[in-house]
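K.L.:
After the sequence you'll find the predicted model.
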Amino acid sequence: MSNIKKGPNRSSQVLAKTLVLAGDMGGTKTDLALFSFKGGSFSVLKKAQFKNKDFSSPAAVIEVFLARCGSVDIAAATIGVAARIDNGRASFTNLDWVVDARELAAHLGTGEVSLVNDLVATSWGLPMLDEDMFCCLQDGSRGDGNAVMVAAGTGLGEVILNGRDGNFYPSASEGGHSDFAPNGLVQQGLLAYLYAKFGHVSVERVVSGPGLKTIYDFLMNGRRPNPTLVDRFRMEDPSAVISKEAAKEDGFKVCKEALDIFISALGAEAANLALKTLPAGGVYIAGGIPWQIIKALKEEETFINAFRNKGRFGDYLSSLPVYVVLEPKTALYGAANHAYSRLTARPLSF
């Protein structure tokens, strides 16, 4: 990995000090930050997180944030959004918001505004991170070519980083909505359970925060509920409760079983994407869940066994470097890097 602070900056003399606005806009919350780039390094001048339900539109959120920043001259802005983008416009599936890059630029006067997929933003964040923000799950020699990223959180995101001449060109996807392919009898039963509920069963139904809770519900089907966990599910994020219980020596056994299925399905899906792209540049596991279950990913073999379990291509998959991204704000940093790159014509490289 390289870090942007050490990288070349062809336009550093022209842009002696540049302010960019970065955003990571999800279904429930929005992170915004003001970054200063100078001489090939960056600093965060101000950042804040907002609950989307408190605002009528994306512009309203950004207006409040900029008011806190005072008088600033923003050269460019990039907003990463957890939605599909069409011609600079995105609609959220679980939020009555429409984000339009041109309208934001005209309304807020923030210079050039770009909308990118949240996984594309996360990709741009990789060179912003120090070495200790990556945990290696499988050693391998990074070569020239593609890289891939799978991110498990509220949903399941996937991005292909097309490699060319030492640079990467991220391509957004909706791969998380492709079919879930079960491995083994238990996962076949899970597929049948999900099919009865949803009809089409995407891999996101399993490999996501809601998916982890669904796995737990499947395993508990026909069993007496655990009253303590039922109460905690009402008060806390169920996926976090399950993960924490699974990590305990004396935790509820079904939580450990649910997390094992989740991790196995995550490993299998990362391998599926790797087989379709041949990522000599590495496989990256990101999102809100993996860094919180890093002990299980690192110390147990469930993920790696599922990743390598692809028959005749098991040896090939065993040769690929696999990393977990530990920085939860990578998408926000990446949005800033993307905005600055639009001004400096600097491609993505790490």
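P.N.:
Yes, it's here.

K.L.:
in the stretch 151-300 of the chain, which spans are strands?
P.N.:
Counting by DSSP state E, counting those that start in this stretch, the stretch 151-300 of the chain has strands at residues 156-164, 167-172, 283-286.

K.L.:
Mind giving me the packing neighbours of the second one?
P.N.:
If you count contacts as 3 or more CB pairs under 8 Å, 6 or more residues apart in numbering; DSSP states H and E, strand 167-172 packs onto helix 118-125, strand 156-164. In this view, the C-beta of every residue, glycine as well, is placed from N, C-alpha and C.

K.L.:
Now render these as TSV, adding mean neighbour count, distance to Ser319 and mean pLDDT.
P.N.:
Shown next, in TSV, are these (neighbours: other CB atoms under 10 Å; distance: least, CB to CB, whole Å; pLDDT from 0 to 100):
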stretch	mean neighbour count	distance to Ser319	mean pLDDT
helix 118-125	29	22	96
strand 156-164	22	16	95
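
K.L.:
Take the ones you listed and write them to JSON lines, including distance to Val203.
P.N.:
JSON lines is the format used below for those (distance: least, CB to CB, whole Å):
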{"stretch": "helix 118-125", "distance to Val203": "15"}
{"stretch": "strand 156-164", "distance to Val203": "6"}
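
K.L.:
Which among these is found nearest to Leu273?
P.N.:
Counting by CB to CB, Leu273 lies closest to strand 156-164 out of the helices and strands packed on strand 167-172; the figure is 5.8 Å.

K.L.:
and the gap between Gly314 and Asn305?
P.N.:
Going from Gly314 to Asn305 by CB to CB, to the nearest Å gives 10 Å.

K.L.:
Kindly report the same for Ala48.
P.N.:
Distance from Ala48 to Asn305, by CB to CB: 42 Å.

K.L.:
same question, Asp118
P.N.:
Separation of Asp118 from Asn305 (CB to CB): 29 Å.

K.L.:
in what helix or strand does the nearest residue to Ala335 once chain neighbours are set aside lie?
P.N.:
Spatially, and ignoring its direct neighbours in sequence, Ala335 is nearest to Ala22 (3.8 Å; CB to CB, 6 or more residues apart in numbering). Per DSSP states H and E, Ala22 falls inside strand 18-25.

K.L.:
For whichever helix or strand comes after that strand, which strands pair with it and how are they oriented?
P.N.:
Using DSSP H and E, the helix or strand that follows strand 18-25 in sequence is strand 29-38. Sheet pairing of strand 29-38 (DSSP bridges) gives strand 18-25 (antiparallel), strand 41-51 (antiparallel).

K.L.:
returning to that earlier point: the residue nearest to Ala335 touches Tyr333, doesn't it?
P.N.:
Yes - using CB atoms under 8 Å, Ala22 is in contact with Tyr333, at 7.4 Å.

K.L.:
quick one: which of these two has more around it?
P.N.:
Ala22 (30 against 26; other CB atoms under 10 Å).

K.L.:
and the more buried one, what does it touch?
P.N.:
32-35, 77-79, 332-333, 335-336, 339 (CB atoms under 8 Å, 6 or more residues apart in numbering).

K.L.:
Just list whatever residues bridge to it.
P.N.:
Ala33, Thr78.

K.L.:
Let me know the pLDDT of it.
P.N.:
pLDDT for Ala22: 96.

K.L.:
how many other residues sit next to the nearest residue to Lys295 once chain neighbours are set aside?
P.N.:
Of all residues not flanking Lys295 in the chain, Ala247 sits nearest, at 6.5 Å (CB to CB, 6+ apart). Using other CB under 10 Å, Ala247 has 15 neighbouring residues.

K.L.:
Against Pro210, how distant is Ala247?
P.N.:
For Ala247 relative to Pro210 (CB to CB), the value is 20 Å.

K.L.:
Highest mean neighbour count out of the strands paired with strand 29-38?
P.N.:
strand 18-25 (a mean of 26; mean count of other CB atoms under 10 Å).

K.L.:
pLDDT below threshold where in the stretch 101-250 of the chain?
P.N.:
Counting by pLDDT under 70, the stretch 101-250 of the chain shows no low-confidence range.

K.L.:
Is my assumption valid that Val99 occupies a position in a strand?
P.N.:
Yes - with DSSP: H, G, I helix; E, B strand; the rest coil as the criterion, Val99 is located in a strand.

K.L.:
contacting residues for it?
P.N.:
Val99 neighbours (CB under 8 Å, 6+ apart): 25, 58, 79, 81, 83, 89-92, 115.
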